[in-house]
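Participant: task: produce atomic coordinates for the following.
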Amino acid sequence: MKIQWTPITQQDAEIIAGWKYPEPYNFYNMTADEEDLELFLDPEKRSPHTYSAYLNGDLIGFMTLDLSNHPTIDIGLGMHPDEAGKGKGEGFVNSCLSFAAKRCQSAAFTLSVATFNKRAIAVYERVGFKKKQTFMQATNGGHYEFLSMEK
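Facilitator: Next comes the predicted model:
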């Protein structure tokens, strides 16, 4: 999968914020959490390390890199709802890791995923992430269990 990574534009952020995932993945809709939505849409608050993923000219995903624990990079990512669940996750995550490794000169990564998202957890394990610990996080108007993983 030859993904082109570019710094996110405001237009891309607004398009991504409008993506709607089917149940139970609608948990990941940007509009599900007002604070997260504001952080993503406001260019003054959005991480400068947020990137759009393009494949054959189509916006298929995004990734945000948290460099606060460098050399370990914490990754937040998302695929377009039409691309998710179709066997493309492994290629997408590998592209994320390859881009992040080159961009940030690092080979150590962490991420967090909602524990109900068995599909994503399986993808992360296939690309080499290991389960670390679960924790509760306030988001989307409630408290939800997440799994931290590292590679």
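
Participant: next one: phi and psi at the closest residue to residue 58 other than its chain neighbours?
Facilitator: Excluding the flanking residues, the one nearest residue 58 by C-beta to C-beta, 6 or more residues apart in numbering is residue 80, at 8.0 Å. Just so you know, the C-beta spots here come from the backbone N, C-alpha and C atoms, and that holds for glycine as well. The phi/psi pair for residue 80 (degrees, to the nearest 10) reads phi -50, psi 140.

Participant: correct me, but residue 80 touches residue 62?
Facilitator: No. Counting by C-beta atoms under 8 Å, residue 80 stays clear of residue 62, with 9.1 Å between them.

Participant: from residue 44, how far off is the residue nearest the centre of the chain?
Facilitator: By C-alpha atoms, centre = their mean, the chain has its centre lying nearest to residue 77, at 0.9 Å. As defined by C-beta to C-beta, to the nearest Å, residue 77 lies at a distance of 22 Å from residue 44.

Participant: could you show me where the strands are in the chain, in order?
Facilitator: With strands called from DSSP state E, the chain shows them at 4-7, 50-55, 58-66, 72-79, 108-114, 130-139, 142-150.

Participant: now do the buried residues in the third one.
Facilitator: Looking back up the chat, that one is strand 58-66. By 16 or more other C-beta atoms under 10 Å, the buried positions in strand 58-66 come out as 59, 60, 61, 62, 63, 64, 65.

Participant: ok so, going back, what sits against the residue nearest to the centre of the chain?
Facilitator: Taking C-beta atoms under 8 Å, 6 or more residues apart in numbering as the criterion, residue 77 is in contact with 61, 62, 63, 64, 92, 93, 96, 111.

Participant: can you rerun that using 10 Å?
Facilitator: Under the criterion of C-beta atoms under 10 Å, 6 or more residues apart in numbering, the neighbours of residue 77 are 51, 53, 61-65, 89, 92-93, 95-97, 100, 111, 113, 120.

Participant: repeat that for residue 110.
Facilitator: By C-beta under 10 Å, 6+ apart, residue 110 lies in contact with 66, 69, 72, 73, 74, 75, 129, 132, 148, 149, 150, 151.
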